[in-house]
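In: using only what follows, build the 3D model:
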Amino acid sequence: MKNMLMLALLVASASSFAENKIDTQEKASDFFKNPSASRNLIKLLNTTVSDDWSDTDEQGPSFDLDGEFGALVTTGNTSTRMLKLALDSKQELQSWSNQYFLQVLRRKTELDDDDVQDLETNRIQVSAQFDYKLTHPNNRLFGYAEYDDNQFLRVRDQFTAVVGWSQLAWKKRHTEFRYSIGPGYTRSEQDDTGLKVSEAIIRTTADYQYRFKNDARFRQTLSAEMGEVNTRARSKTSVSAKIFERLAMKFSFEMAVDENVSQEVDTFTTQTSISMVYQFF
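Out: As a prediction, the model looks like this:
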């Protein structure tokens with residue numbers, strides 16, 4: 001009797017195990033047949049193997065401010081001091097994306113010859129662009145204003161105002177590209193001749209940025225202003241590498257073509273600089 005009871009228990013246990021095994025297999029097959037479950041699995045796998053090049057959502061409100069400083073000093077028969085100061089800022093708001101820029105260049109040369117006067121050349125450049133985000137935040141309307149008093153090119157009190165269309169073509173974790181185009185107005189005065197130029201223009205810009213994994217940055221900006229009297233174009237290439245925390249070293253090369261200069265000045269100029277950059281925010 002005891003042996004028969006033990007045999008019955010073993011048979012019942014085996015039957016229960018077999019039923020549970022069949023139920024487990026049926027649940028596993030149902031998982032792969034269920035579309036929502038399959039999508040969840042695929043989403044999980046994609047999240048695991050996703051790389052750094054995927055699109056990132058627009059961040060919340062932010063404010064970035066970089067300060068740039070460069071200097072050149074020579075002594076001897078000729079004493080020269082060259083100073084460069086710049087502030088570059090970017091502000092992101094819910095409905096606005098703004099950029100601000102300030103640059104001051106100062107060069108002073110002193111000669112030992114008493115018959116030659118000291119030479120001093122300055123440049124002050126201030127610009128701001130305000131992008132209003134539309135229903136799709138990458139599509140924007142913009143307003144741009146710039147003041148440039150450039151004694152190096154002998155173009156004084158140049159003021160430019162532009163409105164038009166701006167677009168953030170893409171923004172990823174390491175790279176972004178934006179452009180703008182619109183009509184505007186410019187006026188300026190030649191330092192030598194006193195000739196004043198005032199006309200309507202079309203202005204277009206392109207801005208590409210790449211951030212390396214070690215926080216080094218590459219940036220290329222292009223701009224062109226086309227009018228009936230003159231055309232002005234700029235290209236600025238810069239590379240910066242972090243030295244310590246918020247401090248970085250920056251190399252920049254700028255080319256400019258400006259037809260609104262006197263005949264004594266070359267319309268094509270370049271500017272090369274190595275400076276220190278401090279990130280305030």
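In: what is the residue nearest to Gly164 when sequence neighbours are not counted paired to in the beta sheet?
Out: Setting aside the residues directly before and after it, Gly164 is nearest to Gly182 in space (Cβ to Cβ, 6 or more residues apart in numbering), at 1.5 Å. C-betas here are computed from N, CA, C, even on glycine. Gly182 has these beta-bridge partners by DSSP bridges: Arg203.
In: contacting residues for Gly182?
Out: Residues in contact with Gly182 (Cβ atoms under 8 Å, 6 or more residues apart in numbering) are Phe142, Tyr144, Val162, Val163, Gly164, Trp165, Ile202, Arg203.
In: tell me the strands beside the helix or strand containing the third one, with direction?
Out: Applying DSSP states H and E as the criterion places Val162 in strand 155-171. Looking at strand 155-171 with DSSP bridges, its partner strands are strand 139-150 (antiparallel), strand 175-190 (antiparallel).
In: need those in TSV with distance to Val277 and mean pLDDT, can you?
Out: Listed next are the strands paired with strand 155-171 as TSV, based on distance: least, Cβ to Cβ, whole Å; pLDDT from 0 to 100:
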stretch	distance to Val277	mean pLDDT
strand 139-150	22	96
strand 175-190	19	95
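In: dump those to JSON lines, plus distance to Ala233.
Out: Compiled in JSON lines, the strands paired with strand 155-171 are given as follows (distance: least, Cβ to Cβ, whole Å):
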{"stretch": "strand 139-150", "distance to Ala233": "14"}
{"stretch": "strand 175-190", "distance to Ala233": "13"}
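In: can you tell me how far the residue lying closest to Asp64 once chain neighbours are set aside sits from Val277?
Out: Excluding its sequence neighbours, the residue lying closest to Asp64 (Cβ to Cβ, 6+ apart) is Lys90, at 4.7 Å. Noted for Lys90: a distance of 14 Å to Val277, by Cβ to Cβ, to the nearest Å.
In: more neighbours: the two, which one.
Out: When neighbours are counted by other Cβ atoms under 10 Å, Lys90 and Val277 differ, and Val277 comes out ahead with 23 against 15.
In: shouldn't that one be within a helix?
Out: No. Remark: Val277 does not belong to a helix; assigned using DSSP: H, G, I helix; E, B strand; the rest coil, it is strand.
In: check contacts around it.
Out: Contacts for Val277 (Cβ under 8 Å, 6+ apart) come out as Asp66, Gly67, Glu68, Phe69, Ser240, Leu247, Ala248, Met249, Lys250.
In: tell me the strands beside the strand or helix carrying the last one, with direction?
Out: Assigned by DSSP H and E, Lys250 belongs to strand 247-258. The strands beside strand 247-258 in its sheet (DSSP bridges) come out as strand 231-244 (antiparallel), strand 268-279 (antiparallel).
In: buried stuff in it?
Out: Within strand 247-258, the residues that qualify as buried are Ala248, Lys250, Ser252, Ala256, Val257, Asp258, counting by 16 or more other Cβ atoms under 10 Å.
In: mind putting those residues into a markdown table with distance to Gln190?
Out: Formatted as a markdown table, the entries for these read as follows, by distance: Cβ to Cβ, whole Å:
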| residue | distance to Gln190 |
| --- | --- |
| Ala248 | 38 |
| Lys250 | 32 |
| Ser252 | 27 |
| Ala256 | 16 |
| Val257 | 16 |
| Asp258 | 11 |
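In: dump those residues to JSON lines, plus distance to Asp131 and pLDDT.
Out: JSON lines is the format used below for the buried residues of strand 247-258 (distance: Cβ to Cβ, whole Å; pLDDT from 0 to 100):
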{"residue": "Ala248", "distance to Asp131": "26", "pLDDT": "93"}
{"residue": "Lys250", "distance to Asp131": "25", "pLDDT": "93"}
{"residue": "Ser252", "distance to Asp131": "24", "pLDDT": "93"}
{"residue": "Ala256", "distance to Asp131": "24", "pLDDT": "92"}
{"residue": "Val257", "distance to Asp131": "26", "pLDDT": "91"}
{"residue": "Asp258", "distance to Asp131": "26", "pLDDT": "87"}
